[in-house]
Structures are given as C-alpha cells and as structure tokens.
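> give me a 3D structure for the following:
(2 chains)
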Protein chains: 2
Amino acid sequence: MEFELSGKDAQSSARAGVITTGHGKIETPIFMPVGTVGSVKAVSQQQLNDEIRAQVILGNTYHLYLRPGTGILEKAGGLHKFNGWDKPILTDSGGYQVFSLSNNRKLKEEGALFQSHIDGSRHLFTPENVVDIQRSIGADIIMAFDECPPYPSDYEYARKSMELTHRWLARCVQRMGETEPMYGYEQSLFPIVQGSTYKDLRKISAEFIASMDCDGNAIGGLSVGEPEEMMYEMCALCCENLPVDKPRYLMGVGTPWNILENIALGIDMFDCVMPTRNGRNGMLFTSNGVINIRNKRWEDDFTPIDTGIECHTSNFYTKAYVRHLFVANEILGLQIASIHNLAFYLHLVKQARLHILQGDYTDWKNKMIPILKQRL
Amino acid sequence: MEFELSGKDAQSSARAGVITTGHGKIETPIFMPVGTVGSVKAVSQQQLNDEIRAQVILGNTYHLYLRPGTGILEKAGGLHKFNGWDKPILTDSGGYQVFSLSNNRKLKEEGALFQSHIDGSRHLFTPENVVDIQRSIGADIIMAFDECPPYPSDYEYARKSMELTHRWLARCVQRMGETEPMYGYEQSLFPIVQGSTYKDLRKISAEFIASMDCDGNAIGGLSVGEPEEMMYEMCALCCENLPVDKPRYLMGVGTPWNILENIALGIDMFDCVMPTRNGRNGMLFTSNGVINIRNKRWEDDFTPIDTGIECHTSNFYTKAYVRHLFVANEILGLQIASIHNLAFYLHLVKQARLHILQGDYTDWKNKMIPILKQRL
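Predicted structure coming up:
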C-alpha cells in the first residue's frame, strides 16, 4: 500500500492524499460505506459504483466469519469475488462486534470468547485467528484485534484495556509476518489507538501504535457516547502523535459535521453506519440540512431530495414520493434514502478534498457546518 | 389508444401487437410489473427501465386512494409525475382489493362499503367514484369496477355477481363519457369478463363486455384457486368471444408456464405479483427452471443467477452471493430477486413475441414449458 500526500490546508491539519491498494486508488479524505455482511444494506454494487461513487467499502470480520464463513469466502476467492466489488475493501477486526453484539463474551489474555448472536454457538477470537480470518476474507486493509472500552470507563480499566490492545497488536503484527495474502494482492494491517477519554493514555497509545510502523493507523473507541468536544480533543491528540506520512482512520464517525471537523484535525478515512441506518429510519442528510422525510411538511413537496449533489437518485425522486414510500412501508424508500445519504457523504468528502487542495478548507468548513446541521 | 396486430401464430391463437398510449407504445404480449402503492416493490424506476425493460406498470386504485390519496396525486399532476414513471400505467379498479384486503365490506347495488385495512376508516367505492379516482391517478388504461367472486362459487352467486358487474360496467362507461382526463392525455377504460368457472356465464359475460365496444377487454376472476386446466378452458372461451382487434388482458396470472399457455389462447396482457412476491421469498424463475435460493445446494455455486437473459443483475450476481443475502436477511437479496424475476418475465414475453412473429410459437412454447417448470 502506498500513501501520497497531495496537499494540506494552511489553517488546519486537513490534508488531501491518495492511497494506492491492490484494488486501485482511494482519494482521501474518504468516507467508506459499511457493508456489514458483504452488502451495503439496501444498495446494489452498481449503485455503489455509479451513483454513490464509493471508492472503498467496509466489511465486518465478525459478521462474515459467522455468515457465509471463511470456507465459502475462500472457495469464492475472497470477498471481492464473492460480492462482486472489485475496488478496495477494508475489514474491521471483529473486536467491536464481539463486545456490542455477541452474548456471554469473556475477555482473556488469549483473546475473546463469545457466543454468536445468531445461533448461540461458541467461538474464540484471538489476535492470530482474526488475522487469519481477514486473510481468508481478503480485504486490502485489515484491522488489528482490539478491545473498545465503553464510555465512560474508569482510568484503571481504560489503561489495562489499552495495554491488552497493545499486546494483542504485537501478536497481530507477528501473525501478519508469518502468513501470506491468499489471493495474490497485498494486505495492509492498521493498528488501533485506544485509551478512552484519557489524554495521557491516548498519547501513550498513539506513540506505541506509531512505533509499530504499519502502513496506516486507526483511532478507535471514540463516538461511543462521549461529548463531541471530547471526541475532537482526543482525535486531535492522537493525530498529533501519529505519523504525518501515513493515512489516519477514525473508526465509526459520524455525522457530516463530525466528519468535516475531524478532517480539520488530520483524519483521512471514515466509516459509519449513520448514513444507511438513519436513512432507513427516514433521516436524510442534504446540502441544505437534515430532513425527517416522514414529516407531513414533505407530503406535497414535489422538489427533488437534493439537487446540490451529483446523484441520479437524489436528483430524480421527490421528497413527496419518498415520504409516501416511508409512510406506506415500501422497501424502495429504504433504498432511496440509503443511496442518497451515502452519495451525500461521498460528495461531502470530495468537496472537502477540493477545498483542501484549493487552500480554503477551514473557511469552507466553517461556512458549511451550520448549514449541514439545520433541521429542515 | 390504438391496437395494431403485427402477427399471428399459425397453430394457436397467439398474436403479437402494439398498443399505443399517451405515454408511448407497448409491444404485446406483455407482462406488467405490479406497482401496488406507486412503487414496484424493492425496485427503482431506473432498474425497471434499464434492467427489467418494463413497458407498462400497474398501480392499485385501492392502495393509491388510501395512500397517498387523490389530493396529493392531483397536486403532483398524476401518478406518472408522482412516481417518476413516464411510460404507460394501468390501474385496476380496486374491486379485487376491497374483497381481499379490507374489513367489514358490504356489497350493495350502489357499490362496496369497506373499512381500510390500514386504519379502519370507512369508505364507499362505486362505479362512478372509482372512475373519478382513476381520473385523478391518471393511468393510461383504467379498469371498470367489478366484483371478483371467490372460487368455488355456486352458480347462483356467480350469476348474480356477474350481472352486478355488468350493471356496474354500464355505470362506469357512462361516467367515463361524462368526465374528462385531467392531465391532457387519453385514458382508456377496460371492462372485465366475470362468470366464475361456468361456461355459459363466461360466454354471456364475454359477449356483454364485447358489446360495450371499449378500447380493450379484460378477463377477471381466474387464477383464484381453480385447477389450471379450468383456467385455460375459461380463458379460451372468453378469448373466443372477445373481439380480435382489441387487446385482451388476463388479470393476475401467473407462473411463466401459465403465461405461455394463455398467450397461445389469445391473451395480450398479463400482471401478477408472483415474480416480486415469490422473489422476496427466495423463489427465482430462470431460463433453466425454478430455484429456491435458500437451499444449501447454492451455497458454493459461484455462477450467475441466469446468463440466459439480458439483465445486468441476473448476469452479475452469483447464486452463492444471493443465497448468502437471503440467509443473512439482507435487503439487497429482495432487490436482486425482484429485479431478476421481473427481467425474466419480460424476457419471456419478448421471446414469445419473437416466436409468434417468426411463426414457430407453439413449438417453442411446448419445448419451453417443461424446462421452465423444472425444480433446480
């Protein structure tokens, strides 16, 4: 994997770059649609490509390991072949899902024991087998196995958890060195900074993660319930202690304004279920602000969802029609909302990139955020 | 509306034609995807156009009257403007839904009193207001208000029901004459032959319907539980007594083989929820037979759903991936199955048309039916 910086904002730490993977280039800053079980919910691969213009999507190791399982993925020749997405894929390590979804999980030095949320079957994730599973899945970027402590966590818990994550990272790095990619293209491991909301822990963690000299670095354990200002403070601190010449990935964040603020702090990559999950609940993020499409006020609004972005779905369907689809529980409503929201997120990071290269990112961001936050 | 016959099969009553409406041409025989509430379930308008190549879609008067209601549809400028489908639309009269979906319906000479299945509100459908509602919806082809008797019905019930349908038809025709289209293009009323499974009633009904000299004619009350052979017998009898120079529409039918058999009897137009509803349950109709995509045998079948038809979705996604989507309850599975099944139905009627024009329809049909019926 290569990372090339193309430009930097003068008034902030925002930067524009290009990541090159075995499945092509990713222009940063970038938002990565979440394709949990190998499908970005309610969106086809063609729509992801043509309408949303996604450059990289996410898969979830926990979900893909349970269904369809590594046997099928290996027979298919990896996730790209299995789901027909031939651009870059990133997989998370499953650590977050073990703690948020599974039952009866037990944390040990060796790894995490858990019961499947689907059938109650028992499984063990270790730093080693999580690397192996991600070799089978075949993502271009794979994540180290970590523990994501809840918010709030007391200092001692956060410190011990961070130290465990660091020991697990060393084992992941070793396993990466002992194994080979299965499908003929390179896989890059990204380690994850933890440390909850404690500045000294975040600094220690970022320094440790930086010392591992991986191809890119991630920040985890944020946007888990802490105040927004605290997230920005932690993110800034992590960015300052992570290398400039490698991509920085802030996991699981966030709203459109969260993304613009974190880009200013030096983040290059984002993922979040918000555009799809909130979309399925009728919340649309647009160029003019946030829409709850179920509201009666859209009943006879025959203007398109959003003409401020280049996306057939957003330009074609009217608010009145989409409201009708939601009120009548039509599946097409979920599809339209998901496509629009993802296209909007991709539009936003593309605009951010242009303004970074143009040199006016900070002014643009400060002008945009109040507009994006408006409730229409 | 115009109907031009382009060719006829030598060995059967199958014919190929072209219907010209205010929203363009329809090449017959044709299958019409069902867009109940103004949306073909789980399919976008772009997919309907580009992948499925639908030429005309259906709307349901009962559903559209309840949601979004005629007020919104009129403000939008009709259903075409509301849902963004600018090719022909046909609406049924709501008669069938009143008897199959609503609560506490009461049949009177005046019309049908019913309670909405959504909120229990009380409504009256009459031949007159059903024409008015369909004027507001603005479909190119609109259906007369009828009663669809259940199967089996005793002779007396079937006779009385048929006579009521005929009296309602006269009132529909009168209302059509007294009112004007609302959006500047012509609307054609199709009356419906009833008579349950009684040959003499079907003949009387077809003759009465033919005498009304409408732009096209429909056959209702079939495929409601009677044996297939009985459906074919009734359909043949109706076709023999309906004018040759007008399109014949068999309502709510059916499987791919039902469609091929009924084309041979002289039917030009079909609609059915089967491709979408069965698709959402994992049943795929293909060039090689019927697939239950949930079966374990597809788990590692990495071949496309169907390469025998021209449809990106059918050619792109593998059986293994679609099976995975169904097992994991992913919405994309419903979308793919719906698009594929509809594309397959449209492919089938297009092939039928080519073989009619080529002069070998009957041979082709007899060769195809056993293949289509195979359980894979």
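
> state which one residue of the stretch 51-200 of chain A is found closest to chain B.
Per C-beta to the nearest C-beta, the residue of the stretch 51-200 of chain A with the smallest distance to chain B is A:Pro68, at 4.6 Å. Placement of C-beta: from N, CA and C, glycine included.

> so that residue makes contact with A:Lys75?
No - assessed by C-beta atoms under 8 Å, A:Pro68 is found out of contact with A:Lys75, at 9.5 Å.

> neighbour count winner among these two?
Applying other C-beta atoms under 10 Å in any protein chain shown to A:Pro68 and A:Lys75 shows that A:Pro68 carries more neighbours, namely 25 against 16.

> residue contacts, that one?
Applying C-beta atoms under 8 Å, 6 or more residues apart in numbering or on different chains, we find A:Pro68 in contact with A:Gly38, A:Phe82, B:Glu299, B:Ala320, B:His324, B:Val327, B:Ala328.

> in which helix or strand does the nearest residue to the last one once chain neighbours are set aside reside?
What that stands for is B:Ala328. Distance criterion C-beta to C-beta, 6 or more residues apart in numbering or on different chains; nearest residue to B:Ala328, sequence neighbours excluded, is A:Val37 at 4.6 Å. For A:Val37, there is no enclosing helix or strand under DSSP states H and E.

> how close does A:Val37 sit to B:Asn329?
Using C-beta to C-beta, to the nearest Å, A:Val37 is found at 9 Å from B:Asn329.

> so between these two, which is more surrounded?
Using other C-beta under 10 Å as the criterion, A:Val37 and B:Asn329 rank with A:Val37 on top: 22 against 10.

> what about A:Met182, which SS state?
Following DSSP: H, G, I helix; E, B strand; the rest coil, the label given to A:Met182 is coil.

> okay, now A:Phe316: neighbour count?
Neighbour tally, A:Phe316, other C-beta under 10 Å: 15.

> so who does it touch?
A:Phe316 touches A:Pro304, B:Gln45, B:Gln46, B:Gly84, counting by C-beta under 8 Å, 6+ apart.

> swap in A:Phe344?
Residues near A:Phe344 by C-beta under 8 Å, 6+ apart: A:Pro256, A:Pro275, A:Leu284, A:Phe285, A:Thr286, A:Ser287, A:Asp306, A:Ile309, A:Cys311, A:Ser314.

> repeat the analysis, applying 6 Å as the threshold.
A:Phe285, A:Ile309 (C-beta atoms under 6 Å, 6 or more residues apart in numbering or on different chains).

> secondary structure element holding it?
helix A:331-358.

> angle of that helix against helix B:331-358?
Computed by axes from the mean of the first three to the mean of the last three C-alpha atoms, to 10 degrees, the angle separating helix A:331-358 from helix B:331-358 equals 110 degrees.

> okay, buried residues for the following helix or strand past helix A:331-358 please.
Of the helices and strands lying after helix A:331-358 in sequence (DSSP H and E), the nearest is helix A:361-373. Residues of helix A:361-373 classed as buried by neighbour count (16 or more other C-beta atoms under 10 Å in any protein chain shown): A:Tyr361, A:Thr362, A:Trp364, A:Lys365, A:Met368, A:Leu372.

> what's the helix or strand for the closest residue to the fifth one other than its chain neighbours?
Closest residue to A:Met368 apart from its sequence neighbours, by C-beta to C-beta, 6+ apart: A:Leu260 at 6.4 Å. Using DSSP H and E, A:Leu260 falls within helix A:256-264.

> distance between that helix and the chain's centre?
Relative to the chain's own centre, helix A:256-264 is displaced by 13 Å; criterion: C-alpha atoms, centre = their mean, to the nearest Å.

> counting by contacts, list what that helix packs against.
helix A:361-373 (3 or more C-beta pairs under 6 Å, 6 or more residues apart in numbering or on different chains; DSSP states H and E).

> centre-most residue in chain A?
The centroid of chain A falls nearest to A:Asp271 when counting by C-alpha atoms, centre = their mean (1.8 Å).

> bridged to that one, which residues?
With beta bridges defined as DSSP bridges, A:Asp271 has these partners: A:Met32.

> any idea how far it is from chain B?
18 Å (C-beta to the nearest C-beta, to the nearest Å).

> average model confidence for stretch A:20-36?
Stretch A:20-36 shows a mean pLDDT of 98.

> just stretch A:142-150 next, same as before
pLDDT averaged over stretch A:142-150 gives 96.

> convert it to PDB, retaining C-alpha atoms only.
Extracted as PDB, the C-alpha positions of stretch A:142-150 are listed here (Å, rounded to 0.1, in the frame of the first residue of the first chain):
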ATOM      1  CA  ILE A 142      -7.300  -5.200   7.700                       C
ATOM      2  CA  MET A 143      -7.600  -4.100  11.300                       C
ATOM      3  CA  ALA A 144      -5.700  -5.300  14.400                       C
ATOM      4  CA  PHE A 145      -7.800  -7.100  17.100                       C
ATOM      5  CA  ASP A 146      -8.600  -4.600  19.900                       C
ATOM      6  CA  GLU A 147     -10.800  -4.100  22.800                       C
ATOM      7  CA  CYS A 148     -13.000  -1.000  22.500                       C
ATOM      8  CA  PRO A 149     -13.800   0.100  26.100                       C
ATOM      9  CA  PRO A 150     -17.200   1.600  26.700                       C
END
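
> tell me which residues of it are tucked away?
Within stretch A:142-150, the residues that count as buried by 16+ other C-beta under 10 Å are A:Ile142, A:Met143, A:Ala144, A:Phe145, A:Asp146, A:Glu147, A:Cys148, A:Pro149.

> JSON lines for these, including secondary structure and distance to B:Ser93?
Supplementary listing: the buried residues of stretch A:142-150 in JSON lines, determined by DSSP: H, G, I helix; E, B strand; the rest coil; distance: C-beta to C-beta, whole Å:
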{"residue": "A:Ile142", "secondary structure": "strand", "distance to B:Ser93": "58"}
{"residue": "A:Met143", "secondary structure": "strand", "distance to B:Ser93": "57"}
{"residue": "A:Ala144", "secondary structure": "coil", "distance to B:Ser93": "63"}
{"residue": "A:Phe145", "secondary structure": "coil", "distance to B:Ser93": "61"}
{"residue": "A:Asp146", "secondary structure": "coil", "distance to B:Ser93": "61"}
{"residue": "A:Glu147", "secondary structure": "coil", "distance to B:Ser93": "62"}
{"residue": "A:Cys148", "secondary structure": "coil", "distance to B:Ser93": "57"}
{"residue": "A:Pro149", "secondary structure": "coil", "distance to B:Ser93": "62"}
